[in-house]
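Q: Prediction below, plus the sequence it came from.
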Amino acid sequence: MSLTTALVLVLIAAFPAGAQDSQELLDLNLDMQEYSSVAGQFSDPSEKIFISDMAIQNISKQWSIWFQIPQTQKNQEINDLLASSYVHFIMLQYKLNNPTWVRWAIDQLRTSFEGYLAKADTVSGHTYSEELESLEETWLYTFSECTFWNEVIPLKNLKSVSLEFEKTDAYALSTETNYQLSLAAYYLNRTLRHSKPVNFTVCLPAGEYKLRDDTGNVFEKKFLAIAKSEDREGRHLYLTPPLSFKFTPIAKVFVQADSSSYIDTLTNLEFQLERFQEGVVTDFNKVEFGRYVFKVNPPYQLMDDKKKLIIPREEFGVDYLKQPSWLFDKDSYDVITIQSGEDYIYPKIKATVKTRPEAGHGHSAVASETSPSSVASK
Amino acid sequence: MERRKAFRTCVLLVTIALYAWFLVPCDAIADNEEVQQQISIGRFFAYRGYQNQQELTTKLQTLRSELEGEWGMSEWRTFWHAEHEFLIFLDSLKYLPQDQIELDGLQAKLLQLYAHLLDSFYELDQTEAGSSNLPSYLEYVVRDAVLASATLKGMNSTSPMLRCLLRRADEKSLYNPNESFLGSVKDMLDLEYPNAYGISNLVCAVWVDGELSKLEEGSAEEEIFRKACRDYAGAAADTLKQDYSLSIAYYLLAKRYSADEKDLAWTYFTKAIDLSSDSSAITGNFYRQYFYKDRFATDAVTFLTDYFEYLFDEGRYTEILNKARLLLGCKTGDRKIQERIVREAILWGEKSIRAADDSRNFALSKELLEGLNHFRELHDPNL
């Protein structure tokens, strides 16, 4: 038993209130130290995952005990005991090469036990804050921090979600990379089974990925994960069930001289559909439910500039719109409800040219006589 | 008067409430539900779980329907349910090749059991814990974890879990460190931590060996137990690091190969004696009583008669005296053991010389005689 632990034990004994909780916290703290001391000695991925799970179970239990202690009985010693467990947990997950749980624990520590971070580690002499910053700079930021927004999965009560990360920029992955991808998927699936909507961060080795869903419950995603040291913004991915629709970009072109209008279909080069915080859509036949920003290139112009929330009507409809969102303010969006699997035509585009510009020839005229209704029915 | 009556009623109600409040958690553990089947530890390990899986499955279904059907089911029935699920899951994995085994589900069940058990340590005070069912439930969880760690490769990291459980058990004096199964796990954890695979295999081998000694010679189960003991001890010998724990594994291998693989048994006996320690130098409580140098040497000498006869029948006469010399070199410190080795060497040496003479191999006979004289001098220095 370390000197610090012994001191904490003595101090806890001096506070009879919640003595059993204190004893349990102390025992769990000792358990965490035990796990951490041997975590680096296992090489098999299953063994590492098991020890990580034991530590997660331990820290969750400690937090739950601490949370239930009345505020008046939460003295400094009890707070420090839990904070010290978080530090051991971070070191354990670092030894297991498990960046996602390190990220999670550092955030928890900074949110709830900021005071503890100013204390000095008796072994190194540095403050815990300095040690954690060093850990972030030298190791954690070599991974990409991808934020996943999860609202629809719990709303649709999709319990059997099982997602996998497939690294698409490499053919043969090392055992360690495979292990890290398993850990990331394990964390992701675990979090998705929570009953409440949350956004959470998963750390991945930098690279190109496909998020695959074997159960067919969640929309597959391709994304580029850039190391945090290079890209402080990280990736943002909104997880949704695979409800897609076709998107047909249509421009409504106004002719200045006679104010009569006609409809024209834009190419992908002229019209851009950008999924909010994720990236540009390239496959217009399979567009998923969610938040979008529309962009058009000159000479075309959008008649509205608000962000769009596109919702398949029969799946979410009115009920979804009535509930407040945990992740974003629905009022700040134009809500478009559509029938999933059907074409969607975006009508609010105008242009001040009489004729359609030809590719590579600036704004040369190719006027169309097509009516809006005939295009919409295509 | 009425106010006094109301006060009395009030006090009575408060007393009943307090009494109930104190009793409920105790009852949850102290109720003597013997849901678990009675089976000795050695037999459990020999069969790698329960022999009758059907009975276990039926029990699980009963527990499940009770859990679903009743309100306020005891915490321990939930525990048994998780424990039965774990054992059935573990049994299903033993038929799969190692590379196809997915451990996620099994590990989740073990964590569930672990969490149940950790919680229960704080439901009772020091005096109640020892007399409750907690010690036996603790033993079941440790037993199950040991079996899983011994039989599946990816379960090596159960060692910190076992150590944390036994630390709590030590604090509450929940087991006898000299005699019990938990004592055997604790001692080996102290020696070989964190190699749960090696530790568990050795513990299993030790308990199967103990059970094997109780079986009737020639019984139908004897071969099953012997094979299990060999397998566990062999797996332990492959990964253990400390001389003392290795010596136990080799000793068990020697014992359990002595009937049919005599050369192999001899090799293991010599390795065991070579690596072992005197009982006074062994730190653990459990193993020092059964596994020490003189005991290994005594058993090796008992084996010697059989082995020398085997060598004699094979015509390997020179090996008899060489092996006797090797065993003497182990310096067991027990004079009686040394004398017995010498006597056996003289007996079989003389027989060998006669056999060599009968076959008119006089060169061999002369060589054997020179070797034999050394033992005769040891037997009677006045010669």
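A: Received, thanks. Predicted model, so just to flag it, every value in this text is computed and none were measured.
Q: Please, where are all the helices along the stretch 251-383 of chain B?
A: In the stretch 251-383 of chain B, the helices defined using DSSP state H, counting those that start in this stretch lie at B:262-275, B:293-314, B:317-328, B:335-358, B:362-379.
Q: With mean pLDDT, mean neighbour count and distance to residue B:286 as extra columns, can I get those in CSV?
A: (Glycine included, C-beta is placed from N, CA and C.) Formatted as CSV, the helices of the stretch 251-383 of chain B follow (pLDDT from 0 to 100; neighbours: other Cβ atoms under 10 Å in any protein chain shown; distance: least, Cβ to Cβ, whole Å):
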stretch, mean pLDDT, mean neighbour count, distance to residue B:286
helix B:262-275, 95, 20, 18
helix B:293-314, 92, 18, 14
helix B:317-328, 91, 20, 27
helix B:335-358, 91, 17, 24
helix B:362-379, 88, 16, 37
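Q: Could you list which residues are in contact with whichever residue of the stretch 151-300 of chain B sits closest to chain A?
A: Per Cβ to the nearest Cβ, the residue of the stretch 151-300 of chain B with the smallest distance to chain A is residue B:154, at 3.2 Å. By Cβ atoms under 8 Å, 6 or more residues apart in numbering or on different chains, the contact list for residue B:154 reads A:44-47, A:50, B:101, B:103.
Q: Now it. Nearest residue, chain neighbours left out?
A: Nearest non-adjacent residue to residue B:154, counting by Cβ to Cβ, 6 or more residues apart in numbering or on different chains: residue A:46, 3.2 Å away.
Q: count of neighbours near whichever residue of the stretch 201-350 of chain A sits closest to chain B?
A: Going by Cβ to the nearest Cβ, chain B is nearest to residue A:214 of the stretch 201-350 of chain A, at 14.0 Å. If you count neighbours by other Cβ atoms under 10 Å in any protein chain shown, residue A:214 ends up with 11.
Q: what does chain A have sitting close to chain B?
A: Residues of chain A lying close to chain B by Cβ under 8 Å from any Cβ of the partner chain are A:20, A:23-24, A:27-28, A:30-31, A:34-35, A:38, A:41-42, A:44-51, A:53-54, A:57, A:61.
Q: Quick check on those residues: which are buried?
A: Neighbour counting with 16 or more other Cβ atoms under 10 Å in any protein chain shown marks A:23-24, A:27-28, A:30-31, A:34-35, A:38, A:42, A:44-51, A:53-54, A:57, A:61 as buried within the residues of chain A next to chain B.
Q: Any residue of whichever helix or strand residue B:232 is part of touching chain A?
A: Residue B:232 belongs to helix B:222-239 when assigned by DSSP states H and E. No: using Cβ under 8 Å from any Cβ, helix B:222-239 stays clear of chain A, coming no nearer than 12.8 Å.
Q: which strands and helices sit next to that helix?
A: Under the contact criterion of 3 or more Cβ pairs under 8 Å, 6 or more residues apart in numbering or on different chains; DSSP states H and E, helix B:222-239 touches helix B:41-46, helix B:196-214, helix B:243-257.
Q: Format these as CSV; extra columns: mean pLDDT and mean neighbour count.
A: Shown next, in CSV, are the helices and strands packed on helix B:222-239 (pLDDT from 0 to 100; neighbours: other Cβ atoms under 10 Å in any protein chain shown):
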stretch, mean pLDDT, mean neighbour count
helix B:41-46, 96, 24
helix B:196-214, 96, 25
helix B:243-257, 96, 24
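Q: Specify the stretch among those helices that is closest to residue A:135.
A: helix B:196-214 (28.7 Å; Cβ to Cβ).
Q: And that closest one, how far out from the chain middle?
A: 3 Å (Cα atoms, centre = their mean, to the nearest Å).
Q: how many degrees apart are that helix and helix B:222-239 in direction?
A: Counting by axes from the mean of the first three to the mean of the last three Cα atoms, to 10 degrees, helix B:196-214 lies at 150 degrees to helix B:222-239.
Q: Report the inter-axis angle for helix B:196-214 versus helix B:243-257.
A: Using the same axes, to 10 degrees, helix B:196-214 lies at 40 degrees relative to helix B:243-257.
Q: follow-up on the earlier one: now, the buried ones among the residues of chain A next to chain B that are in strands?
A: The members of those all map outside strands under DSSP state E.
Q: could you pull out the helices for the stretch 1-150 of chain A?
A: So, for the stretch 1-150 of chain A - with DSSP H, counting those that start in this stretch - the helices run A:3-13, A:19-38, A:45-68, A:76-95, A:99-112, A:114-117, A:128-138.
Q: which of these sits most buried?
A: helix A:76-95 (a mean of 22; mean count of other Cβ atoms under 10 Å in any protein chain shown).
Q: For that helix, list the C-alpha coordinates in PDB.
A: Provided in PDB are the C-alpha atoms of helix A:76-95 (Å, rounded to 0.1, in the frame of the first residue of the first chain):
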ATOM      1  CA  GLN A  76     -11.500  16.500  -0.300                       C
ATOM      2  CA  GLU A  77     -10.200  13.100   0.500                       C
ATOM      3  CA  ILE A  78     -13.000  11.300  -1.100                       C
ATOM      4  CA  ASN A  79     -12.800  13.500  -4.200                       C
ATOM      5  CA  ASP A  80      -9.000  12.900  -4.400                       C
ATOM      6  CA  LEU A  81      -9.500   9.200  -4.100                       C
ATOM      7  CA  LEU A  82     -11.800   9.100  -7.100                       C
ATOM      8  CA  ALA A  83      -9.500  11.500  -9.000                       C
ATOM      9  CA  SER A  84      -6.500   9.300  -8.300                       C
ATOM     10  CA  SER A  85      -8.500   6.300  -9.700                       C
ATOM     11  CA  TYR A  86      -9.100   8.300 -12.900                       C
ATOM     12  CA  VAL A  87      -5.300   8.900 -13.100                       C
ATOM     13  CA  HIS A  88      -4.600   5.200 -12.700                       C
ATOM     14  CA  PHE A  89      -7.300   4.400 -15.200                       C
ATOM     15  CA  ILE A  90      -5.700   6.700 -17.700                       C
ATOM     16  CA  MET A  91      -2.300   5.100 -17.300                       C
ATOM     17  CA  LEU A  92      -3.800   1.700 -17.500                       C
ATOM     18  CA  GLN A  93      -5.600   2.500 -20.800                       C
ATOM     19  CA  TYR A  94      -2.400   4.100 -22.100                       C
ATOM     20  CA  LYS A  95      -0.500   0.900 -21.400                       C
END
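Q: Packing partners of it?
A: helix A:3-13, helix A:19-38, helix A:45-68, helix A:99-112, helix A:114-117, helix A:128-138.
Q: Nearest to residue B:124 among those would be which one?
A: Ranking those by proximity to residue B:124 (Cβ to Cβ) places helix A:19-38 first, at 10.9 Å.
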